[in-house]
Every structure is written in C-alpha cells, then in structure tokens.
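Participant: With the sequence up front, the predicted model follows.
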Amino acid sequence: MESQEQTKKVAFIGLGVMGYPMAGHLAKAGHDVTVYNRNPERARQWLEQFRGQAAISPRQAAEGRSVVFSCVGADKDLREICLGSEGAFAGMSKGSVFVDHTTTSAEVARELSKVAQAEGFGFVDAPVSGGQAGAENGKLTVMMGGEPEAIAKIAPLVECFARMQAHMGPSGNGQLTKMVNQICIAGIVQGLAEGVQFAQKAGLDGQQVFDVISKGAAQSWQMENRASTMLQDKFDFGFAVDWMRKDLGLVLDEARRNGALLPLSALVDQFYAEVQAMGGGRWDTSSLLRPLSRAGKL
C-alpha cells in the first residue's frame, strides 16, 4: 500500500465493465475511493470487493476529492453526471481535476472543459483502449486532452490501470485520438472477417492459417485475440457492436465537420448495422463475420 503522503482522495463515477475494475485498481493501490453508480446495487457489489465508500449522487462523490474519474455511456450521460445541482461539477473544489474516460464527442469534451475552467478546476478527456480485459488487468492505453498541469496531477493515478498514457494536446484531442483508434480497428476487423471466411471457403485449416500469418506483416491485436474465436463462431463477449456503432457515429459526425473522407469506416458502420439487425447488438465487434457467413449460404 502507498504511504499516507501518496494516498489521494478520489472518486469514480460509473461502474460498468470498464469503470468497475478501473476504480478497483485505484483502491488496490491504496487510494481513498468514493464510488457512484446510477444503479446502487452495482456500487454495493463493488464495496464488497474493494475498500471505499459509496455516494448517493455525483455531487456527493466529488465533494472533498482531489481527482474525480468518470466512465459512463455517451455525451448525454456525461452531461447528466457533470452538470446540474446534483452533478459532479457542483461538488468539485478549486484546483481539483475531473477525468473523463468515456468515449464521447470532442465537442462535449471542449464544452465541459470550458465550464470546469470557469469554475477553477481542471478537465481531462481521457478515453481508453484495451477493452474489458485491459481494464481488469490494468493495461489500458489512455489518450488524454487537457492542460499540462492537470495531466501532471492525474498521471500517477492513471498509472494504476494503464500501461500507456499520453498527452495528445488540448481538450478534445484525447477523443479525436480515440476516433483514429476506432477507424483503424473497424477496417482491421472487417479485413479479418473476410480473411476468416475466405480461408473457410477455400477449405483451409483456419487455425493453422492464422497461426502462420500472425507471425508476418498481417499480424494485429485483433488477429491474435479474435481469429480463433471467429473460427469457432463465438461472439458472446468483448466490445459490443452497439458500442462500436456509437463510436463510429462520433467518428463520422466529426469527419463531416473536419472534411475527412472515411469511405471504409462508413461502410463498416453499415455492416455493423446488419449485425444489429441480426440481433447481435451485444455481440463482440468480431461478429462482422456473421453477415458474411449468412450471405455465403444464400
């Protein structure tokens, strides 16, 4: 456990599949953690596993805390837990820092940063990559936008659940970097799905194929972690299609604003819409194989 001098009073708002273990890593590192979750049962469950306390509102969670973390669903959810008389911002003290790990628009990050600055505390948009396994193992990649002073304050705490953290520039740049991440993943997963289907149609031993090519230029995290489950037609785990469509929606909205041309991302977004129409909204993103397999049987 850390010494008393190193222990920080922090809060974590949002105990979903990512926030729950992230808050846990902070508690295990010896920090004084107050948690808040919209469903109080989830907070009670967290307290049975980790040391800390629960708050009855985001405002109460933030009171007296030097750093407040959040990981919720989307722009609307983030505004709800930040703003208003019971929002976290109402409980923030001057000089404290609010760190948002939700994948949101860059627009809402900039908006909330301005509100925080006017109130005398910092705001950092810090979306993550690495999925549920990365959160549970404390090996997330964290992309941060905000003022250098705020980043410096939170860096030792972020280290509790990250293997990589980087300051990407001013407010909103963390979210823009996450958008690049999702653009790249979308194309890779579609290519992997097509490769799996091609191997199957060609009568190849799929596992042997990917064992071989994963040692060459085609190697990727998706291939290393998802090829075998795709070959087994298993998708009831991982990063949900619904979440990926939400993220790609943010990407395509931003592209319309900045003029970027994203034909592949737009196409893959529609393929994910097909997966949703098949009832696969909660399937892992690697389920892009399912529409291909179904089409191949027609």
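Facilitator: Arrived safely.
Participant: can you pull out the helices in the protein?
Facilitator: In the chain, helices defined by DSSP state H lie at 19-28, 40-49, 58-62, 75-82, 88-91, 106-119, 131-137, 148-158, 173-201, 206-213, 221-231, 241-258, 263-277, 289-297, listed in chain order.
Participant: Would you convert these into a markdown table that also reports mean pLDDT?
Facilitator: Putting the helices of the chain into a markdown table (pLDDT from 0 to 100) gives the following:
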| stretch | mean pLDDT |
| --- | --- |
| helix 19-28 | 98 |
| helix 40-49 | 98 |
| helix 58-62 | 98 |
| helix 75-82 | 98 |
| helix 88-91 | 98 |
| helix 106-119 | 98 |
| helix 131-137 | 95 |
| helix 148-158 | 98 |
| helix 173-201 | 98 |
| helix 206-213 | 98 |
| helix 221-231 | 97 |
| helix 241-258 | 98 |
| helix 263-277 | 98 |
| helix 289-297 | 83 |
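Participant: For W283, find the nearest of the ones you listed.
Facilitator: Closest to W283 of the helices of the chain is helix 241-258 (C-beta to C-beta; 5.5 Å). In this view, the C-beta of every residue, glycine as well, is placed from N, C-alpha and C.
Participant: and the closest one with helix 289-297, angle?
Facilitator: Orientation check (axes from the mean of the first three to the mean of the last three C-alpha atoms, to 10 degrees): helix 241-258 against helix 289-297 gives 100 degrees.
Participant: what about helix 241-258, distance to the chain center?
Facilitator: Taking the mean of its C-alpha atoms, helix 241-258 sits 14 Å from the chain's own mean (C-alpha atoms, centre = their mean, to the nearest Å).
Participant: how big is the angle separating it from helix 106-119?
Facilitator: For helix 241-258 against helix 106-119, the angle by the same axes, to 10 degrees is 80 degrees.
Participant: Can you spell out which helices and strands pack onto helix 241-258?
Facilitator: For helix 241-258, the packing partners by 3 or more C-beta pairs under 8 Å, 6 or more residues apart in numbering; DSSP states H and E come out as helix 173-201, helix 263-277.
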